[in-house]
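> sequence first, predicted coordinates after that:
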Amino acid sequence: MDKEENKNNDSTLNTEDDNQSSEKFVEDQKVGNDNVEKEKEERLTPEEELEALKDKLARTFAEMENQRRRFEKEKDDAYEYGGYSFAKEALNLLDNLERSKVALENDEKLKNTDALKKIVEHLDIINNDMLSIFKKNNIEPIKSINEKLDPNLHQAMMEVEDDTKESGTIVQEIQKGFMMKDRLLRPSLVGVSKKKTEESKKESQKDEKN
C-alpha cells in the first residue's frame, strides 16, 4: 500500500511540475515578446518617433473632426426635420377634409342648398389655413397637373388615353403630394396620359363617319 501511495504522490508531483513548467514557458514567451517590442521601439530614431507621434496626432484630430461633423449634421437634421413625422401624419387631416367636401357635394339631399354652400366655404377656409401653416413650416404641395411624370415625386396609378398630351404627362391628381424642404413627405398619386392605340383610333374614326 505504501508503494502505491508513493507512486501516486510521485505522479501528482510530476504533473504539478509539468504545469509549472508550462506556465513558466508561457510567461517567458510573453516577456520575450515584450522585450522584442521594446527593442523595436528603442531602435526608432528621434525623428522617426516624432513622425509616429505626428501621425497619431493627425489621426486623432481627423477622428475628432469627423465626430464633430456627424454631431453637427445630426443637430441640423433634428432642427430642420424634427417635425417630419408629425407633418406626415397631419396630411391625413387634409385628406379627410377633402373627402368630407366631396361626400357632401355628392349628397342628393344637400345639392344646391345654402347649407351646403356654407359648409363647403368653412371647409375651404380650414383647408387654406392648414396649407398656410404648412407653407410657413416649409411644407408645400407638389406640382402635378400638366407636369411630366417624375418617379421621385409622383406615383402613376392609372393611364388615360389622350392624344392632345405628350405621353407621360400628368392629367389627373388622385391624391396631392407634399415636400418638406428637400425631403419627400409623400408622392402625388396621379393619372398620366398615353396615346390612343391604332385600333381605338380606327374605331373612333368609324364612329365619326357613321
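Everything's here; your move. What you see is a predicted model, and the numbers here were worked out from it, not measured in a lab. Numbering: from 1, shown residues only.
> quick one: the strands in this structure, in order.
139-141, 154-161, 170-175, 178-180, 183-186, 188-194 (DSSP state E).
> quick one: which of those is nearest R59?
Of all these, it is strand 183-186 that lies closest to R59, at 34.6 Å by C-beta to C-beta. Every residue, glycine included, has its C-beta placed from N, CA and C.
> what is the rounded mean pLDDT of the closest one?
The average pLDDT for strand 183-186 rounds to 91.
> strand partners (parallel or antiparallel) of it?
strand 178-180 (antiparallel) (DSSP bridges).
> contacts for the partner strand, please.
81, 84, 87, 91, 134, 137-142, 153, 185-186 (C-beta atoms under 8 Å, 6 or more residues apart in numbering).
> and if you look at stretch 148-167?
142, 144, 146-147, 168-172, 174, 177, 179, 184, 187-197, 200.
> using PDB, write out every CA atom in it.
Extracted C-alpha coordinates of stretch 148-167, given in PDB (Å, rounded to 0.1, in the frame of the first residue of the first chain):
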ATOM      1  CA  LYS A 148     -44.100  65.400 -66.800                       C
ATOM      2  CA  LEU A 149     -44.200  62.300 -64.500                       C
ATOM      3  CA  ASP A 150     -41.300  62.300 -62.100                       C
ATOM      4  CA  PRO A 151     -40.800  59.000 -60.300                       C
ATOM      5  CA  ASN A 152     -39.200  60.800 -57.400                       C
ATOM      6  CA  LEU A 153     -42.300  63.000 -56.800                       C
ATOM      7  CA  HIS A 154     -45.200  61.200 -58.500                       C
ATOM      8  CA  GLN A 155     -46.700  57.700 -58.400                       C
ATOM      9  CA  ALA A 156     -48.700  56.800 -61.500                       C
ATOM     10  CA  MET A 157     -51.900  55.000 -60.600                       C
ATOM     11  CA  MET A 158     -53.600  54.900 -64.000                       C
ATOM     12  CA  GLU A 159     -53.300  55.800 -67.600                       C
ATOM     13  CA  VAL A 160     -55.700  58.000 -69.600                       C
ATOM     14  CA  GLU A 161     -55.800  58.000 -73.400                       C
ATOM     15  CA  ASP A 162     -55.200  61.500 -74.600                       C
ATOM     16  CA  ASP A 163     -53.800  62.400 -78.000                       C
ATOM     17  CA  THR A 164     -53.600  66.100 -77.000                       C
ATOM     18  CA  LYS A 165     -51.000  65.500 -74.400                       C
ATOM     19  CA  GLU A 166     -47.500  64.100 -74.700                       C
ATOM     20  CA  SER A 167     -47.300  60.500 -73.200                       C
END
